[in-house]
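1. sequence? don't have it. structure:
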Ligand code: ADP
Ligand code: ADP
């Protein structure tokens, strides 16, 4: 499904060069649930951004669904990203001025769905996350847990084959965190591949595989019981 081979990425700032990711190789299967752990600054977000085609590695190879994207144009990366990947972030990243329905609709508008199909998909996605009763609210009228459920609805409404979640429960209490984890597991149950960054070992242990990063390198991988 998603493969990176010997990727590295460094950031240059004025006089310092930071190696964020060094020689990382990963092969993620379709339908797999992968958790990435590691201390602050070890390269988790950098890796997730490369996997999500939001950023490019300096060296190495990136493949999604059998397509080698290492040399792809920005335009092709955007096309593949929009057709294949849904994102969930720690800080929800909803648009404050838009209602729940309008936030969820954003991803569908990009992709040219008609009004009727948009409505049906939005209702189904909001049902899945239990937020249909808040359709006309704006984000600030919702609790954090509710906002993240809306963000999950926005990620799943296009039926992406891959969901990337960067500390999706980092700003939530444990009950809301567990609810969002369950939504990600539901997506895996429907065959979606999920890659999640988390600081919670209890959450990581609910994945199929736990990957430990340290100083930009994979230091261990644990296959977990299904
Ligand atoms: P994590 O998500 O594990 O906290 P990051 O991938 O955000 O780690 O960062 C990895 C390293 O790269 C850190 O040392 C960080 O300071 C550095 N870094 C991340 N983004 C940038 C950037 N835009 N410019 C310069 N350095 C960066
Ligand atoms: P929860 O305990 O469910 O995480 P809260 O205690 O923050 O959420 O909110 C309880 C209910 O009040 C929720 O249904 C939410 O939609 C509503 N609510 C919270 N904050 C506001 C607000 N600023 N304006 C309108 N409704 C709100």
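-> That came through fine. Please read all numbers here as calculations on a predicted model, not as lab measurements. Numbers count the residues shown, from 1 in each chain. Ligands and ions are numbered 1, 2, ... in the order given.

2. Point out the residues in the chain that sit beside ligand 2.
-> Residues of the chain found near ligand 2 (CB under 6 Å from any ligand atom) are 134, 140, 141, 142, 143, 145, 146, 176. C-beta coordinates here come from the backbone N, C-alpha and C atoms, glycine included.

3. Could you look up the SS state of residue 163?
-> strand (DSSP: H, G, I helix; E, B strand; the rest coil).

4. How about residue 70?
-> coil.

5. before we move on, the earlier item: please spell out the PyMOL selection for the buried subset of the residues of the chain next to ligand 2.
-> Selection of buried members from these for PyMOL, criterion 16 or more other CB atoms under 10 Å:
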select buried, resi 134+142+145+146+176
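
6. just the residues of the chain next to ligand 2 now: which is nearest ligand 1?
-> Relative to ligand 1, the closest of those is residue 176; by CB to the nearest ligand atom it sits at 21.9 Å.

7. list the contacts for that closest one?
-> Taking CB atoms under 8 Å, 6 or more residues apart in numbering, we find residue 176 in contact with 143, 144, 145, 148, 169.

8. okay if I get the residues of the chain next to ligand 2 as JSON lines plus distance to ligand 1?
-> Listed next are these as JSON lines, based on distance: CB to the nearest ligand atom, whole Å:
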{"residue": "134", "distance to ligand 1": "31"}
{"residue": "140", "distance to ligand 1": "27"}
{"residue": "141", "distance to ligand 1": "30"}
{"residue": "142", "distance to ligand 1": "26"}
{"residue": "143", "distance to ligand 1": "26"}
{"residue": "145", "distance to ligand 1": "23"}
{"residue": "146", "distance to ligand 1": "26"}
{"residue": "176", "distance to ligand 1": "22"}
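
9. Apart from its neighbours in sequence, what residue is nearest residue 101?
-> Excluding the flanking residues, the one nearest residue 101 by CB to CB, 6 or more residues apart in numbering is residue 135, at 4.8 Å.

10. Run a quick neighbour tally on that neighbour.
-> 15 (other CB atoms under 10 Å).
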